[in-house]
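[1] Just a sequence and a predicted model for now, questions to come.
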Amino acid sequence: MQGAVGIPSPSGSVLEELKQADRRGRRRWTIRFWATWAVLVGLLLVFLWFTNNLQLDWIAENGPLILTGAGVTVVVSVASIILASGLALLGALGRLSRSPVLNGIASLYVSLVRGTPLIVQVYFIFFALPQIGLVLPAIPSGILALGFNYGAYMTEIFRAGIQAVPRGQQEAASALGMPERMVFRRIVLPQAFRIVTPAIGNEFIAMIKDSSLVSFITVQELFWYARTRGTVEARTLQAMAIAAAFYWALTILFSFFQERLERRMARGDQ
């Protein structure tokens, strides 16, 4: 059987062999990657052990106490990424709007948030807003600050995702008599979310690490426990090692699920 340009099309058995070879290559790469990672971690642990700085007995005793803040870290991060996604969608619609008022508000939001540090925004919401009568507890303040900050950065991600949907699909739906709002809700928005999902995953992983900043407004999350316990007992190295290991583990875990999600979405595109 000949292809469109006279080149023989590969048979089913050849395609299957190519797929198996690709899977074997990926499996070998994964094994080498994790083996290298395990060796490096082992060398680090051996180094700390021989320098007498690891102190496994202190870690075993205080580790569970420090990790009690891990649940707050995850809750704050999840709630913040949900808020950020909502704000990003509204910001993207504002940036794409023909209305100068909506476009101006969205542009001001993005410019203001991206032009100031996150820690300043955290302090502003928790310490400055009470001076005008807006008093929020520590955890809601941290969620609002993280969501408000990441929403501005994700606004451009959502805007690019919406613009990446082929214009022809919108025109075809309009030609079938679908109202503009229905076209956006049924045609544009689902495809835009598929496009921006990997980027949202990256932002969520970054947010998990940035959630440590809310400890400065007395949110008792993972970093707060590690800093407090390490300072009180003069074991900052061990306490921060526990916190760093947990943040690292969370990053690896969510990166794994993000990779699986991206592969599944890629199969859908194919």
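    Looks like it came in fine. Predicted model, so just to flag it, every value in this text is computed and none were measured. Residues are numbered from 1 along each chain as shown.
[2] so where's the stretch 151-270 of the chain shaky on pLDDT?
    265-270 (pLDDT under 70).
[3] can you map out the helices along it?
    Applying DSSP state H, counting those that start in this stretch to the stretch 151-270 of the chain gives helices spanning 167-175, 180-183, 189-210, 222-232, 236-269.
[4] Adding distance to Gly94, write the ones you listed out as TSV.
    Quick note: C-beta positions are derived from backbone N, CA and C, even for glycine. Shown next, in TSV, are these (distance: least, C-beta to C-beta, whole Å):
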stretch	distance to Gly94
helix 167-175	19
helix 180-183	16
helix 189-210	15
helix 222-232	34
helix 236-269	27
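[5] What sits closest to the residue most central in space within the chain if chain neighbours are left out?
    The structure's the chain has its C-alpha centroid closest to Phe204; by C-alpha atoms, centre = their mean the separation is 1.7 Å. Excluding its sequence neighbours, the residue lying closest to Phe204 (C-beta to C-beta, 6 or more residues apart in numbering) is Ile81, at 4.8 Å.
[6] List the buried residues of the strand or helix carrying that neighbour.
    If you go by DSSP states H and E, Ile81 is part of helix 70-96. Within helix 70-96, the residues that count as buried by 16 or more other C-beta atoms under 10 Å are 70, 72-73, 76-77, 79-81, 83-85, 87-95.
[7] Next, the angle from the helix or strand just after it to helix 70-96.
    Remark: after helix 70-96, the chain's next helix or strand is helix 100-114, criterion DSSP H and E. Counting by axes from the mean of the first three to the mean of the last three C-alpha atoms, to 10 degrees, helix 100-114 lies at 140 degrees to helix 70-96.
[8] circling back to that earlier point, in terms of secondary structure, what does the helix holding Ile81 contact?
    helix 100-114, helix 138-164, helix 189-210, helix 222-232, helix 236-269 (3 or more C-beta pairs under 8 Å, 6 or more residues apart in numbering; DSSP states H and E).
[9] OK, contacts around His102?
    Heads up, residue 102 is Leu, not His. Shown in contact with Leu102 (C-beta atoms under 8 Å, 6 or more residues apart in numbering): 93-94.
[10] Pretty sure Trp183 sits against Ala172.
    Just to correct that, residue 183 is Val rather than Trp. No - using C-beta atoms under 8 Å, Val183 is not in contact with Ala172; the gap is 9.4 Å.
[11] Of these two, which one has the most company?
    Per other C-beta atoms under 10 Å, whichever of Val183 and Ala172 has more neighbours is Val183, with 18 against 13.
[12] Next up, the contacts around the more buried one.
    Contacts of Val183 by C-beta under 8 Å, 6+ apart are 170, 173-174.
[13] Kindly write the PyMOL command that selects the buried subset of those residues.
    To isolate the buried ones among the contacts of Val183 in PyMOL, judged by 16+ other C-beta under 10 Å, type:
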select buried, resi 170+173
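[14] for the contacts of Val183, which one is nearest Pro130?
    Gln170 (46.2 Å; C-beta to C-beta).
[15] Against Leu213, how distant is the closest one?
    Separation of Gln170 from Leu213 (C-beta to C-beta, to the nearest Å): 40 Å.
[16] ok, now Ala79?
    15 Å.
[17] What is the burial count for Val196?
    Counted with other C-beta under 10 Å, the neighbours of Val196 add up to 23.
[18] who's in contact with Pro179?
    No contacts exist for Pro179 under C-beta under 8 Å, 6+ apart.
[19] any idea how far Leu90 is from it?
    20 Å.
[20] What of Gln238?
    Taken as C-beta to C-beta, the span from Gln238 to Leu90 is 44 Å.
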